[in-house]
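K.L.:
I would like the atomic coordinates for the input below:
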Amino acid sequence: MSHPDSHPNSIPDVQGSPDRRHLAIDRVGIKNIRHPVRVRDKSEGIQHTVATFNMYVGLPHNFKGTHMSRFVEILNRDEREISVESFGPMLRMMVDRLEAQSGHLEMNFPYFIAKTAPVSGVRSLMDYEVSFIGTLAEGGKHSFALKVVVPVTSLCPCSKEISAYGAHNQRSHVTVTAASNRLLWIEDIVQLVEGQASCEVYGLLKRPDEKYVTERAYDNPKFVEDMVRDVAALLNADPRVTSYTVESENFESIHNHSAYAMIGRDKGKG
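P.N.:
Numbering: from 1, shown residues only. As a prediction, the model looks like this:
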């Protein structure tokens, strides 16, 4: 005979026990768990990649803890790969299964786009850091945002103006976080940002390409302020985008610090 305490129903549920400190927790859950995902690819249909998930719920003041294992169960519930279409339902399931009133779900993954060098035409893959960010607030209000980090080249207008020859340039990261009223392709955000940079960044360049991108950047200098303003202007004009934040960080080549600028706007608030 098995011992009575070995039966699952007899094991104490410590997380579900009451807590008398009367302090609700805004977010509690698991962080940095990886899982395969499928993402819509504008040119190829579907792209398979691996995402890192952060999964949180709000914990009412009267509960001691949350059931961490349930987060993992939701992630592995019925298929090996998670699709973009299952992101929203997974957020709602997470809140229901954890008996919570609010939840927050982040899916961060590398996304690959094939690019062609500007002169030689050689093709290579560029990877971009992408995130899906979903929040289900108390009362059932749902929000979703797409976040894309786009590496670009920026060349300093001041350096070009005051130097007898040359100008300092650097690799920069432009980060767009956007909410939309219909499908907003990752490729659309990447193309929008790269078109406003001093020059694009490529995975593979031959010597004629290097000459082109060097001269292209020199002919198209941009301050960090120029980048966020130019990108924001295009996001303002895109009817799909309802709110956004655009950030630009230049990893300065002649300073031991970065230059940074940000613009945020909710179009619904004017």
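
K.L.:
Which helix runs longest in this structure?
P.N.:
Looking across the chain with DSSP state H, the single longest helix is helix 224-237.

K.L.:
ok, G103 - contacts?
P.N.:
With contact taken as CB atoms under 8 Å, 6 or more residues apart in numbering, G103 is in contact with M55, Y56, V57, G58, L91, R92, M94, V95, T135, L136. In this view, the C-beta of every residue, glycine as well, is placed from N, C-alpha and C.

K.L.:
make that K141, sorry
P.N.:
With CB under 8 Å, 6+ apart, K141 has no contacts at all.

K.L.:
what's the distance between it and F223?
P.N.:
Distance, K141 to F223, using CB to CB, to the nearest Å: 38 Å.

K.L.:
can you give me the helices for the stretch 1-150 of the chain?
P.N.:
For the stretch 1-150 of the chain, applying DSSP state H, counting those that start in this stretch gives helices covering 68-75, 87-97.

K.L.:
and the angle from the longest one to helix 68-75?
P.N.:
The one in question is helix 87-97. Put simply, helix 87-97 runs at 150 degrees to helix 68-75, going by axes from the mean of the first three to the mean of the last three CA atoms, to 10 degrees.

K.L.:
as a whole number, average confidence for stretch 252-270?
P.N.:
In this model, stretch 252-270 has an average pLDDT of 92.

K.L.:
just for the protein, where's the confidence low?
P.N.:
The chain contains residues with pLDDT under 70 at 1-20, 61-65, 78-80, 270.

K.L.:
longest strand in it, by residue count?
P.N.:
If you go by DSSP state E, the chain has its longest strand at strand 25-41.

K.L.:
partners of that one in the sheet?
P.N.:
Sheet pairing here is set by DSSP bridges, and for strand 25-41 it gives strand 45-59 (antiparallel), strand 82-83 (parallel).

K.L.:
can you pull up the bridge partners for the residue most central in space within the chain?
P.N.:
Central residue of the chain (CA atoms, centre = their mean): S131, 2.5 Å from the mean position. On the basis of DSSP bridges, S131 is bridged to N108, K147.

K.L.:
residue contacts, Y56?
P.N.:
So Y56 contacts R27, V28, G29, G103, H104, L105 (CB under 8 Å, 6+ apart).

K.L.:
So which residues of the stretch 51-200 of the chain form strands?
P.N.:
With strands called from DSSP state E, counting those that start in this stretch, the stretch 51-200 of the chain shows them at 82-83, 103-116, 123-136, 142-155, 169-180, 199-200.

K.L.:
Output these as TSV; include the columns distance to N250.
P.N.:
Below are the strands of the stretch 51-200 of the chain laid out as TSV (distance: least, CB to CB, whole Å):
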stretch	distance to N250
strand 82-83	35
strand 103-116	22
strand 123-136	17
strand 142-155	5
strand 169-180	5
strand 199-200	14
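
K.L.:
out of those strands, nearest to L235?
P.N.:
With CB to CB, the closest approach to L235 among those belongs to strand 169-180: 6.7 Å.

K.L.:
In contact with L105, which residues?
P.N.:
Contacts of L105 (CB under 8 Å, 6+ apart): F53, N54, M55, Y56, F87, M90, L91, M94, F132, I133, G134, T135.

K.L.:
farthest pair in the contacts of Y56?
P.N.:
Across the contacts of Y56 (CB to CB), the longest gap, 13.4 Å, separates V28 and L105.

K.L.:
just to revisit the earlier point, please report which of the contacts of G103 has the highest neighbour count.
P.N.:
Ranked by the number of neighbours (other CB atoms under 10 Å), those place V57 first, at 27 neighbours.

K.L.:
What separation do you get for it and P118?
P.N.:
Taking CB to CB, one finds V57 at 48 Å from P118.

K.L.:
Check D266 too.
P.N.:
37 Å.

K.L.:
neighbour count winner among these two?
P.N.:
With neighbours defined as other CB under 10 Å, D266 and P118 compare such that P118 has more, 16 against 11.

K.L.:
who are the neighbours in contact with V130?
P.N.:
By CB under 8 Å, 6+ apart, the residues touching V130 are V39, N108, F109, P110, Y111, L146, K147, V148, V149, I186.

K.L.:
I'd guessed the last one sits against K42; true?
P.N.:
Think I186. Yes - counting by CB atoms under 8 Å, I186 touches K42, with 7.5 Å between them.
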